[in-house]
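K.L.:
pasting the sequence and the predicted coordinates here, then a few questions.
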Amino acid sequence: MQRREPFKFMLQTAIFGSGLMFLGLMISYLNLERPNAGFGKIEIPQVFWVSTLLIMISSLTLHLANMNFKQDKYLNYRTLMAITLSLGLIFIGMQLWGWQEIFTQNASPEVRTSRGFIYMLSGLHIVHIVVGLFFLIKIFVEAIKRMSYVESFIYSVNPPNQLKINLIIFYWHFVDLLWIILFLFLLWRN
């Protein structure tokens, strides 16, 4: 029987827990939406569409960065990591911009309840993105420190470093998929 990698198992467990938390919040959102439950419809900001596209592109750039890392193309790896980080930061900015648009909509009590749930869902997702950005910044800084080919190669063949990068990529793809699910859910319910 093959031994399970403990860090991967811990990350999978944390992702499962996060998934359950978001599922519970979406179910609560649906329960509040029942007739006469004091829940109002609001318009999803257009900027959320753009931010969704950007987060999807960030998954692609991170995937391409990983491919370049495995093919010993370290300059491309660093460039694609920088693009992924930039897209993650822009995503957060666009989410906050979307919050501002939501805030300016009708302020009836029903809409305030709906608005609060959207803030909570996207806010918790932003927290997950910030965690991912923290670790992406860590591996990006490590890549910048190893500018020579030899240093980069030695770093890339070290199994703990490979594991670290694979875990971060796995996590980033999770938060990207999570946002797509949340966004589709919000579109469906509003």
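P.N.:
Perfect, thanks for sending it.
K.L.:
going by C-alpha atoms from here, please, whenever you check contacts or count neighbours.
P.N.:
Fine.
K.L.:
run through this structure and note the low-pLDDT ranges.
P.N.:
Low-confidence segments of the chain (pLDDT under 70): 1-2, 33-41, 106-113, 190.
K.L.:
can we see that at 50?
P.N.:
Under the criterion pLDDT under 50, no range of the chain is flagged.
K.L.:
can you pull out the helices in it?
P.N.:
Secondary structure of the chain (DSSP state H): helices at 6-32, 46-70, 74-103, 109-145, 149-157, 159-189.
K.L.:
show me what the fourth one is packed against.
P.N.:
Counting contacts by 3 or more Cα pairs under 8 Å, 6 or more residues apart in numbering; DSSP states H and E, helix 109-145 packs against helix 6-32, helix 74-103, helix 159-189.
K.L.:
kindly recompute the last result at 7 Å.
P.N.:
For helix 109-145, the elements it packs on are helix 74-103, helix 159-189, judged by 3 or more Cα pairs under 7 Å, 6 or more residues apart in numbering; DSSP states H and E.
K.L.:
buried residues in it?
P.N.:
Applying a neighbour-count criterion of 16 or more other Cα atoms under 10 Å, one finds 110-115, 117-119, 121-123, 125-126, 128-129, 131-133, 135-137, 139-140, 143 buried in helix 109-145.
K.L.:
one more: the fifth one?
P.N.:
Applying a neighbour-count criterion of 16+ other Cα under 10 Å, the buried positions in helix 149-157 are 152-153, 155-156.
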